[in-house]
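# I would like the atomic coordinates for the input below:
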Amino acid sequence: MPDAKRITRVALKCLAVLAGAAAAGAVVLTAAAVDWPEHRAEPPSVLVQPSESRQLRVCPGPLLELALDASEADVASPIGSAARVVAAVPDDAEIVESDLVGDGTSVETARGAVDPGLLAAAQSQEAGTDTVRGLAAVNCIEAVDEAWLVGGSTAVGRSSLVLLANPGTVASTVELRIHGQDGLIDAPGAAGIVVPAGTQQAISLAGLAPDEPSPVVQVVATGAPIAASLEQSVIRGLAPGGVDLVGASAAPAARQVVPGVAIAVAGGVDPGEEHATGDDFAAVRLLAPETDAEADIRILGADGAEVASFGAALVAGEVLDVPLGELAAGEYTLDVDADEPVVAAVRVDTGEGDERDFAWAQAAAALGQRQLVAVAAEDGVLVLANPGSTERIATIAVDGAEPGEVRIAPGASASVPVDAGSGILLGDADGLRAAVVHSSAGRIAIAAVQPPSPLDSAIRVYPR
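Predicted coordinates:
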């Protein structure tokens with residue numbers, strides 16, 4: 001039988017352990033209930049302000065046409081000349097314009113002469129030859145390492161040229177990744193394209209992706225950034241049916257906003273029409289580059305009211321053109337909400353008639369707080385779209401005049417008539433989307449405003 005004293009010692013030890021645990025628990029509970037002073041150690045860092053940089057925009061130059069000389073069928077020759085408009089804040093900033101070899105022009109400021117977003121340029125040209133007729137206008141853009149060209153066609157009667165401009169001082173090597181209706185196109189000759197410094201090259205899309213009605217071109221540059229754009233012209237039967245210069249679209253994102261979708265003539269094709277072919281109707285072009293996606297497309301009127309909506313199932317890498325349906329004449333904003341990143345643009349047409357034209361409205365990236373917009377040498381309408389959930393009040397100053405206010409309801413857009421050749425300074429514009437629409441009888445061009453990268457923004461550095 002166990003010794004009684006031993007049993008007592010063991011029992012006392014157990015009680016002591018339990019009492020200690022209870023006391024510790026009480027201390028923890030008490031500590032949790034007490035407001036202790038907080039102390040947070042911020043990691044050491046330094047805010048580095050980069051040295052002032054130059055601002056540079058590139059304009060593609062005059063419209064081009066292949067085979068003007070029958071002995072050189074693959075050579076693109078200029079037709080006519082483009083009118084260029086340049087604006088800067090301050091308006092006396094030093095600006096240098098330089099012609100690129102093979103057409104195109106670079107517009108550059110001195111270092112620190114203007115802040116990011118406060119240099120703008122645009123060009124326009126009206127063509128009237130036997131084979132190319134219509135109005136083309138585009139905003140001049142930054143050179144970048146990657147760009148998406150959403151538009152064009154190489155179907156019968158359609159010609160598309162990819163324009164690659166290198167305003168830098170070293171050569172650039174470019175790869176064109178061309179997506180079509182059936183996916184990524186194996187195009188020999190689309191990689192390793194050398195664009196020497198200070199030059200622009202025109203590449204026929206038909207030579208890389210023949211008979212492709214719905215191309216999307218991803219431009220990837222190494223060595224030096226490239227300013228990429230696309231020229232498309234149409235022949236309907238024997239008559240020219242329009243021309244357009246297509247600027248880069250907003251980079252792939254789950255949400256895309258296309259402002260300034262101008263419908264000239266009422267009509268259209270139902271979005272569910274499975275056999276809708278050709279380009280005689282308004283349509284949205286969509287591509288999910290990497291992953292299958294479900295996209296919801298909403299067509300919004302100027303007041304923000306939903307005019308129509310429909311869905312689209314996108315297969316990764318395959319381009320889809322979806323008709324916009326029956327729409328009344330007017331200006332709309334297209335809002336694309338997808339579960340995976342997509343690129344988007346909308347094709348519009350002026351309708352039937354001897355004088356006929358078309359244009360591509362690109363998805364626009366969000367504007368910065370201050371943004372300068374150059375209006376090409378054609379009167380137009382500046383469209384500001386508000387994709388947010390609250391009312392916005394933006395300021396607009398024309399050619400240095402006192403600014404006025406524009407109120408834009410959630411989901412709505414505002415249209416402001418603008419004169420040819422003017423410079424428009426937008427304030428409190430962060431998050432808005434913008435485009436300039438040039439439209440008249442039988443002519444149309446839509447120039448989306450793509451904000452430049454914030455080259456002079458301060459960078460916070462965390463030393464190791």
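
# spatially speaking, which residue is in the middle of this protein?
For the chain, the residue nearest the mean C-alpha position is residue 250 (2.2 Å; CA atoms, centre = their mean).

# hang on, it packs against residue 364?
Yes: at 6.0 Å, residue 250 counts as touching residue 364 under the criterion of CB atoms under 8 Å. The way it works is simple: take the backbone N, C-alpha and C, and place the C-beta from them, glycine included.

# Residues in contact with both of these two, list them for me.
Taking CB atoms under 8 Å, 6 or more residues apart in numbering as the criterion, residue 250 and residue 364 both touch residue 450.

# circling back: spit out the contact partners of the residue nearest to the centre of the chain.
148, 256, 343, 362, 363, 364, 365, 450.

# if you set the cut-off to 7 Å instead, what comes out?
By CB atoms under 7 Å, 6 or more residues apart in numbering, residue 250 lies in contact with 256, 363, 364, 365.

# Tell me the secondary structure of residue 206, please.
helix (DSSP: H, G, I helix; E, B strand; the rest coil).

# who touches it in this structure?
So residue 206 contacts 154, 159, 160 (CB under 7 Å, 6+ apart).

# Would you work out how far apart the start and end of stretch 359-377 are?
Terminal residues of stretch 359-377 are spaced 17 Å apart (CA to CA, to the nearest Å).

# Check which residues of it are buried.
Within stretch 359-377, the residues scored as buried using 16 or more other CB atoms under 10 Å are 359-368, 370-377.

# What are the buried residues along stretch 394-407?
394, 396, 397, 398, 406.

# avg pLDDT for stretch 183-196?
Stretch 183-196 shows an average pLDDT of 96 in the prediction.

# Can you show me the CA trace of it as CSV?
Presented in CSV, the C-alpha positions along stretch 183-196 are these (Å, rounded to 0.1, in the frame of the first residue of the first chain):
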residue,chain,number,x,y,z
GLY,A,183,-6.0,31.6,-81.7
LEU,A,184,-2.3,32.6,-81.9
ILE,A,185,-1.1,32.7,-85.5
ASP,A,186,2.1,31.0,-86.4
ALA,A,187,3.6,33.8,-88.5
PRO,A,188,7.2,33.3,-89.8
GLY,A,189,8.8,36.7,-89.9
ALA,A,190,6.8,38.2,-87.0
ALA,A,191,9.8,37.9,-84.7
GLY,A,192,13.2,39.5,-84.8
ILE,A,193,12.1,42.6,-86.6
VAL,A,194,14.9,45.1,-86.3
VAL,A,195,13.8,48.8,-86.2
PRO,A,196,16.9,51.0,-86.3
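
# what comes into contact with it?
164, 166, 171-179, 201, 203, 208-209, 212, 226, 317-318.

# cutoff 8 Å now
So stretch 183-196 is in contact with 101, 164-166, 171-179, 201, 203, 207-209, 212, 215, 221, 224, 226, 315, 317-318, going by CB under 8 Å, 6+ apart.

# Poorly predicted segments of this protein, please.
1-53, 67-74, 454-464 (pLDDT under 70).

# all helices of it, in order?
Under the criterion DSSP state H, the chain contains helices at 4-33.

# Indicate each strand paired with the lengthiest strand in it and its parallel or antiparallel sense.
Across the chain, the strand with the greatest residue count (assigned by DSSP state E) is strand 330-349. Strand 330-349 sits in its sheet next to strand 253-263 (antiparallel), strand 283-287 (antiparallel), strand 293-300 (antiparallel), strand 358-362 (antiparallel), going by DSSP bridges.

# of all those, which gets the most neighbours per residue?
strand 358-362 (a mean of 29; mean count of other CB atoms under 10 Å).

# Would you check the distance separating that strand from the middle of the chain?
Distance of strand 358-362 from its chain centroid, counting by CA atoms, centre = their mean, to the nearest Å, is 12 Å.

# Dump the contacts of residue 206 into TSV; add neighbour count as well.
As requested, the contacts of residue 206 are arranged in TSV below (neighbours: other CB atoms under 10 Å):
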residue	neighbour count
154	23
159	24
160	26
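
# Tell me the one of these nearest residue 79?
residue 159 (12.4 Å; CB to CB).

# check contacts around that closest one.
66, 204, 206, 232, 233, 234, 235.

# Now with 7 Å, please.
Taking CB under 7 Å, 6+ apart as the test, what residue 159 contacts is 66, 206, 232, 233.

# Could you tell me how many residues sit around the nearest residue to residue 441 once chain neighbours are set aside?
Nearest non-adjacent residue to residue 441, counting by CB to CB, 6 or more residues apart in numbering: residue 355, 6.8 Å away. Residue 355 has 15 neighbours, counted by other CB atoms under 10 Å.

# Would you check how far apart residue 92 and residue 56 are?
According to CB to CB, to the nearest Å, residue 92 stands 19 Å off from residue 56.

# of those two, who's got more company?
Comparing residue 92 with residue 56 by other CB under 10 Å, the one with more neighbours is residue 56, at 23 against 8.

# Surely residue 374 and residue 121 touch.
Yes: Residue 374 lies in contact with residue 121 (CB atoms under 7 Å); the separation is 5.3 Å.

# Find residues that contact each of the two.
What both residue 374 and residue 121 touch, as defined by CB under 7 Å, 6+ apart, is the set 85, 86.

# quick one, what contacts the closest residue to residue 291 other than its chain neighbours?
Closest residue in space to residue 291, ignoring its immediate chain neighbours: residue 340 at 4.5 Å, by CB to CB, 6+ apart. Going by CB under 7 Å, 6+ apart, residue 340 touches 254, 288, 291, 293.
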